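Asks: kindly generate the corresponding structure for this input.
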Amino acid sequence: MQAITASVGDGGTNHVSDVALVQAILVVTVRPAAPGRPPAPYLARYDGDCGGLTKAAIRTFQGDRVFVNAAGNASLPNPLATAGQVRMGDATWVQLLAQVPPAFAN
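Replies: Residues are numbered from 1 along each chain as shown. The predicted model follows:
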């Protein structure tokens, strides 16, 4: 799997290649269904621009998978992650990689 070289999201460096990689992962990663919401990708498309939709998708992903307890049902601080941002090796990056379908791993 490729890796990002800097940070993506709110206040991030937002290099086009890093943004596109994070976006591509968010496009193939499906957000679980919830009452009144069917399962769907976190992001509809990738373009290398870290705009509002990308930033919102990062925050939503973090809310679902990074800032939660072991049962996945409560918002908790995570010292290994920055809200609204993805950094190489941080908790958000690790969770993003864990969600990549095997067919897209390379």
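
Asks: what's the average pLDDT for stretch 47-67?
Replies: The predicted model assigns stretch 47-67 a mean pLDDT of 95.

Asks: typo on my end, stretch 8-23
Replies: 97.

Asks: from the chain's centroid, how far away is that stretch?
Replies: 11 Å (Cα atoms, centre = their mean, to the nearest Å).

Asks: count the residues that sit near Phe61.
Replies: 22 (other Cβ atoms under 10 Å). All C-beta atoms are positioned from the backbone trio N, CA, C, and that covers glycine.

Asks: tell me how far the helix or strand containing it lies from the chain's centre.
Replies: With elements taken from DSSP states H and E, the one containing Phe61 is helix 52-65. Mean-position distance between helix 52-65 and its chain equals 6 Å (Cα atoms, centre = their mean).

Asks: identify the residues contacting it?
Replies: 8-10, 19, 22-23, 26, 29, 31-32, 42-44, 72, 75, 81, 83-86, 92, 95-96, 99 (Cβ atoms under 8 Å, 6 or more residues apart in numbering).

Asks: how about that helix: buried residues?
Replies: 53-55, 57-59, 61-62, 64-65 (16 or more other Cβ atoms under 10 Å).

Asks: the residues you listed into JSON lines, with extra columns for distance to Arg37?
Replies: Formatted as JSON lines, the buried residues of helix 52-65 follow (distance: Cβ to Cβ, whole Å):
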{"residue": "Leu53", "distance to Arg37": "17"}
{"residue": "Thr54", "distance to Arg37": "20"}
{"residue": "Lys55", "distance to Arg37": "20"}
{"residue": "Ala57", "distance to Arg37": "14"}
{"residue": "Ile58", "distance to Arg37": "18"}
{"residue": "Arg59", "distance to Arg37": "16"}
{"residue": "Phe61", "distance to Arg37": "14"}
{"residue": "Gln62", "distance to Arg37": "17"}
{"residue": "Asp64", "distance to Arg37": "11"}
{"residue": "Arg65", "distance to Arg37": "16"}
